[in-house]
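Student: Okay, sequence plus prediction incoming.
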Amino acid sequence: MIFSTKIASLLLTLFIMDAQAVNHMLIMGGGGEPACIPGSKEPKNSPPLCDKTIFDSGMVSLGKKLESTDWKYRISYNGGHSKSENILKENFKKSSTPPTSFDEETYLKLISDYKKKILTGEITSNDQLVIMINTHGAQKKDKEKTHLITAGKGAYTNLNNLDGAKLVSLDALEELVQLTNSRGIKLGIIDLSCHSGNTMALKVNAPNTCIITSTSSNHYAYTDDSAFSDFFMSNIKKGKTLEMAFLEARSKSVEPEYPMISTSEGAEIFAEAYQSISPYLYYTSPKENKLSSYLLNNSNNLAICQQELAFQKLINQISALQAASLGTQIGKTAQELKTKIAEYHDLQKVIKNKIAELGFQNLEKSERIVVPIEYKGKTLRPRDMSFTWKELLNLEPAETVKNLLKMLQNEKDPQQKAEIQASIEIFGKFAKKKEEILKKHPDIKASETVAKFILEGMSSTKKMAQDIGLLEKKFYDELYRQKQSLNTDEPCRKIVF
């Protein structure tokens, strides 16, 4: 009787502790979208396109799902888009504080606020915290551990580096990651932006952190109703773990993106397959183009040979899974995937060989010339100029020398004359360099036009990449479930909606 009483007391204590656990979520995003221009005209009977963001459909799903949960959340989203702001009012009524615009100042303040909540004990080891990022993301820069994302108004001009937009770094989350892990708090980071695979860098020395990204470090992410981000947000249902929501959303996505999860299984598949399959998720279209730069940078003999080896390794890996799953649906999927990859591989190989034959990749080579500016027997400073072959072939350095000689005749100031003289010497050397290039590569100017025509003519590649992306999702899902362990300490299995 005493023993039973102790067990009952222990169960009651555990129940009370569990009941006291609080689920916290921070939602941020919607930046980098253009604001409406006063006086601009939109099509009749159509709402202004600039009154919303491309992330809104997923936010509607997320808001509706959170309404049926006990999550305590805060939201910082866009700013200056009336339709998006209405979505917040209608779908995030349980927000613990009124929604705010998403800009750099708010971003840093929110991170600081959550650090304070942990330090003051408002968030404890019984609790779980999820940070959701739903905005544009840039490629990783040298100084960043993770990558930059858009915050605030101001549209980007380049989808890869987001030039023109206001940016913040996800490196700012590093201290919060370290703090939650030192306090034993379960932390989930969901980065739904382009190039979000870079955020996996935050997993280092963070055993209590689960990271999910909508794509890899080298690929775009998508926001339509066939994309991972929208499926993931609609999968936030009570009782589901982050891992369960990830796997379901990934298997449904039909876009050529590469969603990632920080579990050991996810890391293992990434190491085995990603580098091999990544080139076949690239494509070219009027707005999105990863394929051209990939082909241009991998059209030398060594790169072509390396890609051939990676292709064979990938095909062998798929064949091994196919052999183990003969007669099942995954066996059929594996055969389809091999066929589609082989078709795209052959097309890319033809293009790479043609680019190599034309010598177009040589246009990215750079020439640098340094000439000292000498005045009264002393060197003032060096005149340093660099041009790529492409830039140099579009210049007329000999004509520039003629113009500089005229300037030299009319210049009275001795120091200015010394500077002009240095420029004459530099452009004279560039004129000779251009002659050498054209003599050695007589077809190089024509190659630019031909290569551009080849690259722009690949309109079918998006469909090929999408087909491979769809089959890759099925392949990944089977691989993951074969490898999946029962490790209950995995944070992606411990964080439950």
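Tutor: Structure received.
Student: Give me the number of neighbouring residues for N181.
Tutor: N181: 17 surrounding residues under other C-beta atoms under 10 Å. Every C-beta, even on glycine, is put in place using the N, C-alpha and C of the backbone.
Student: From what I see, it and I189 are in contact.
Tutor: No - N181 lies out of contact with I189 (C-beta atoms under 8 Å); the separation is 12.0 Å.
Student: Now the common contact residues for those two.
Tutor: When contacts are counted by C-beta atoms under 8 Å, 6 or more residues apart in numbering, N181 and I189 are jointly contacted by T209.
Student: just checking, next helix/strand downstream of the helix or strand containing E357?
Tutor: Assigned by DSSP states H and E, E357 falls within helix 329-358. Remark: after helix 329-358, the chain's next helix or strand is strand 366-375, criterion DSSP H and E.
Student: Could you list every helix and strand that that next one packs against?
Tutor: Using 3 or more C-beta pairs under 8 Å, 6 or more residues apart in numbering; DSSP states H and E as the contact definition, the elements that strand 366-375 packs against are strand 378-388, helix 389-393, helix 414-440.
Student: Please identify the buried residues of it?
Tutor: Within strand 366-375, the residues scored as buried using 16 or more other C-beta atoms under 10 Å are 367, 369, 371, 373, 375.
Student: Any chance of those in a markdown table with pLDDT and distance to L202 as columns?
Tutor: Listed next are those as a markdown table, based on pLDDT from 0 to 100; distance: C-beta to C-beta, whole Å:
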| residue | pLDDT | distance to L202 |
| --- | --- | --- |
| E367 | 87 | 41 |
| I369 | 90 | 43 |
| V371 | 88 | 47 |
| I373 | 87 | 48 |
| Y375 | 81 | 54 |
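Student: in the chain, what secondary structure element scores lowest on mean pLDDT?
Tutor: Every helix and strand in the chain was compared by mean pLDDT, DSSP states H and E; the lowest is helix 2-20, with a mean of 44.
Student: following it, which helix or strand comes up?
Tutor: Going down the chain from helix 2-20, the next helix or strand is strand 23-29, by DSSP H and E.
Student: And the closest residue to E33 other than its chain neighbours, its phi and psi?
Tutor: Excluding its sequence neighbours, the residue lying closest to E33 (C-beta to C-beta, 6 or more residues apart in numbering) is T53, at 4.3 Å. Here is the backbone geometry of T53 (degrees, to the nearest 10): phi -120, psi 160.
Student: For this structure, give me the ranges with low pLDDT.
Tutor: Applying pLDDT under 70 to the chain flags residues 1-20, 35-50, 325-328, 358-361, 363-364, 443, 445-459.
Student: so where do the strands sit in it?
Tutor: Assigned by DSSP state E, the strands in the chain fall at 23-29, 72-77, 128-134, 148-150, 167-169, 186-191, 209-213, 260-261, 366-375, 378-388.
Student: Kindly calculate the angle that the longest one makes with helix 414-440.
Tutor: It refers to strand 378-388. Per axes from the mean of the first three to the mean of the last three C-alpha atoms, to 10 degrees, the angle that strand 378-388 makes with helix 414-440 is 30 degrees.
Student: got a list of contacts for strand 378-388?
Tutor: Identification of contacts with strand 378-388 by C-beta under 8 Å, 6+ apart yields 363-374, 395, 415, 418-419, 422-423, 426, 430.
Student: Convert that strand to CSV, retaining C-alpha atoms only.
Tutor: Below are the C-alpha coordinates for strand 378-388, written out as CSV (Å, rounded to 0.1, in the frame of the first residue of the first chain):
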residue,chain,number,x,y,z
LYS,A,378,59.0,59.3,-56.7
THR,A,379,56.2,56.7,-56.8
LEU,A,380,53.0,58.2,-55.6
ARG,A,381,50.9,55.1,-55.6
PRO,A,382,50.2,52.2,-58.0
ARG,A,383,47.4,52.3,-60.5
ASP,A,384,45.8,48.9,-60.3
MET,A,385,43.1,47.7,-62.7
SER,A,386,41.5,44.3,-63.4
PHE,A,387,39.1,43.1,-66.2
THR,A,388,37.6,39.7,-67.0
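Student: Could you pull out the buried residues of it?
Tutor: For strand 378-388, the neighbour count (16+ other C-beta under 10 Å) marks 383, 387 as buried.
Student: Can you give the strand pairings for that strand, parallel or anti for each?
Tutor: As defined by DSSP bridges, the strand partners of strand 378-388 come to strand 366-375 (antiparallel).
Student: Run the chain-centre distance for the strand it pairs with.
Tutor: From the chain centre to the centre of strand 366-375 is a distance of 39 Å (C-alpha atoms, centre = their mean, to the nearest Å).
Student: Using PDB, write out the CA atom coordinates for that strand.
Tutor: Output in PDB follows, covering the C-alpha atoms of strand 366-375 (Å, rounded to 0.1, in the frame of the first residue of the first chain):
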ATOM      1  CA  SER A 366      40.600  37.900 -65.100                       C
ATOM      2  CA  GLU A 367      43.600  40.000 -66.100                       C
ATOM      3  CA  ARG A 368      45.200  42.400 -63.600                       C
ATOM      4  CA  ILE A 369      47.700  45.100 -64.500                       C
ATOM      5  CA  VAL A 370      49.500  47.300 -62.000                       C
ATOM      6  CA  VAL A 371      51.500  50.400 -63.100                       C
ATOM      7  CA  PRO A 372      53.200  52.900 -60.700                       C
ATOM      8  CA  ILE A 373      52.300  56.500 -60.900                       C
ATOM      9  CA  GLU A 374      55.600  58.300 -60.900                       C
ATOM     10  CA  TYR A 375      56.000  62.100 -60.100                       C
END
